[in-house]
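S.K.: Quick one, what's the 3D model for this:
(one chain, ligands or ions: 1)
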Amino acid sequence: MRDAFLAYNPPTIGDAERAEVMDTLQTPWVTTGPKTVAFEAALKARLEAPAVVALNSCTAGLHVGLVALGVGPGDEVIVPAMTFCATANVVEHVGAKPVLVDVCPDTLTLSPEAVAAAVTPRTKVILPVHYAGHPAQMDELDALAERHGLAVLEDAAHAITARYKGRLIGSRSNLAAFSFYATKNLTTVEGGCLTGDPALVEKARIIGHHGMNRDAWKRFDRSGTWYYEVVLPGFKYNLTDMQAAIGLVQLKRLAAFQARRREVVARYESGFKDLAALELPVELEWAHSSWHLYVIRLRTEALRIDRNAFIDGLKDRNIGTSVHYLPVHMHPFYRDKYGYRPEDNPVAAAAYERMISLPLHAGLSDGDVDDVIAAVRDLVALHSV
Ligand SMILES: *Cc1c(COP(=O)(O)O)cnc(C)c1O
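M.R.: Numbering: from 1, shown residues only. Model prediction:
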């Protein structure tokens with residue numbers, strides 16, 4: 001058994017990031033300034049995005065995205081049940097109703113059939129999540145959006161570098177929100193961005209910067225002026241140059257991070273593929289996953305222990321794990337407000353009971369991965385029926 005506890009996804013931050021932060025502290029603009037502008041330009045190029053605004057979180061991006069799309073009280077937004085709470089919380093923030101629907105059994109991304117069944121005259125937006133880095137079924141979702149006159153807003157928190165049928169997530173004209181939270185594939189500690197059509201992204205930028213028109217936030221250079229006007233009561237969601245400094249370095253390292261993630265995934269795949277007690281994550285043939293998470297599902301009928309006991313067994317073997325996610329419709333707030341039962345989204349509810357996120361990050365050594373494989377195999381061997 002390994003001596004040191006293996007965390008499931010710590011950030012990969014090095015000397016280059018630290019140097020860039022120290023450099024920023026020596027400039028007169030530590031908050032939103034030239035490094036944020038440079039980070040936005042670098043993101044736009046990397047994501048092949050029509051336009052980008054950097055924000056202080058993905059949650060902020062989803063929130064200003066909904067405001068920019070004019071979503072408010074009386075409206076409905078279709079959200080997959082299998083996601084982080086932020087995806088639904090932002091819908092509540094604008095006074096609309098999140099309609100929590102089921103996911104596909106293979107990828108756990110938003111089910112187009114479930115969306116089709118959930119559309120009402122009040123539906124305004126379809127909000128897919130590229131769960132674990134695997135793209136959602138965008139063609140089918142686009143067709144539904146077109147048929148019913150709906151907007152699409154992508155929760156791309158997991159999906160930097162992911163591709164749908166060859167096309168990068170974030171490169172489309174509809175809005176997509178990315179996260180640079182500490183656990184994500186690229187981090188600025190806290191941070192995010194919103195991509196999409198330039199006019200919509202500019203609107204989102206104003207909403208996320210106090211509703212100030214003109215480039216009042218660009219006052220760090222000579223082209224800025226002291227004058228601005230507030231055109232709506234916006235939010236304070238700007239990214240700082242301290243964070244952008246980290247992001248600029250992380251973007252340069254992203255290709256290497258992603259290559260390592262794919263190596264780890266391949267090692268898990270070959271280490272587990274003969275185990276009938278495990279259902280392994282898939283990458284469908286039209287998809288290029290960013291492999292944010294490696295989520296196995298236990299075939300609990302083949303085991304004498306449940307998911308929680310399996311997690312305890314891994315912890316006893318110094319392997320850290322997590323669960324992504326308790327479905328949103330099972331959280332007390334959503335359950336009680338809208339009267340959801342677990343079986344309203346049976347795929348998400350059943351997957352939740354069986355899922356474990358194994359360690360996946362760019363800093364894992366082959367030895368770390370082999371320790372995880374050995375611990376999982378040991379538990380399966382001990383507890384198979
Ligand atoms: C992390 C995450 C978010 C929120 O990202 P923040 O940058 O922390 O606001 C939203 N949706 C999903 C699916 C996430 O995993």
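S.K.: what about the strands in the stretch 151-300 of the chain?
M.R.: Counting by DSSP state E, counting those that start in this stretch, the stretch 151-300 of the chain has these strands, from start to end: 151-155, 163-164, 167-168, 175-179, 192-195, 278-279, 287-288, 294-298.
S.K.: would you list the ones you listed in JSON lines and tack on distance to the ligand and mean neighbour count?
M.R.: In short, each C-beta sits where N, CA and C put it, glycine included. Listed next are those as JSON lines, based on distance: least, Cβ to the nearest ligand atom, whole Å; neighbours: other Cβ atoms under 10 Å:
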{"stretch": "strand 151-155", "distance to the ligand": "5", "mean neighbour count": "26"}
{"stretch": "strand 163-164", "distance to the ligand": "16", "mean neighbour count": "18"}
{"stretch": "strand 167-168", "distance to the ligand": "18", "mean neighbour count": "18"}
{"stretch": "strand 175-179", "distance to the ligand": "3", "mean neighbour count": "30"}
{"stretch": "strand 192-195", "distance to the ligand": "4", "mean neighbour count": "30"}
{"stretch": "strand 278-279", "distance to the ligand": "21", "mean neighbour count": "19"}
{"stretch": "strand 287-288", "distance to the ligand": "17", "mean neighbour count": "20"}
{"stretch": "strand 294-298", "distance to the ligand": "12", "mean neighbour count": "22"}
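S.K.: Kindly present those strands as TSV, with separate columns for mean pLDDT and distance to I206.
M.R.: Formatted as TSV, these follow (pLDDT from 0 to 100; distance: least, Cβ to Cβ, whole Å):
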stretch	mean pLDDT	distance to I206
strand 151-155	98	17
strand 163-164	98	29
strand 167-168	98	26
strand 175-179	99	14
strand 192-195	98	12
strand 278-279	98	46
strand 287-288	98	33
strand 294-298	98	38
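S.K.: and the gap between Y181 and L69?
M.R.: According to Cβ to Cβ, to the nearest Å, Y181 and L69 sit 23 Å apart.
S.K.: between the strands of the stretch 151-300 of the chain, which gets nearest to V30?
M.R.: strand 192-195 (19.1 Å; Cβ to Cβ).
S.K.: Neighbouring strands - and their directions - for the closest one?
M.R.: When pairing is defined by DSSP bridges, strand 192-195 lines up against strand 52-55 (antiparallel), strand 175-179 (antiparallel).
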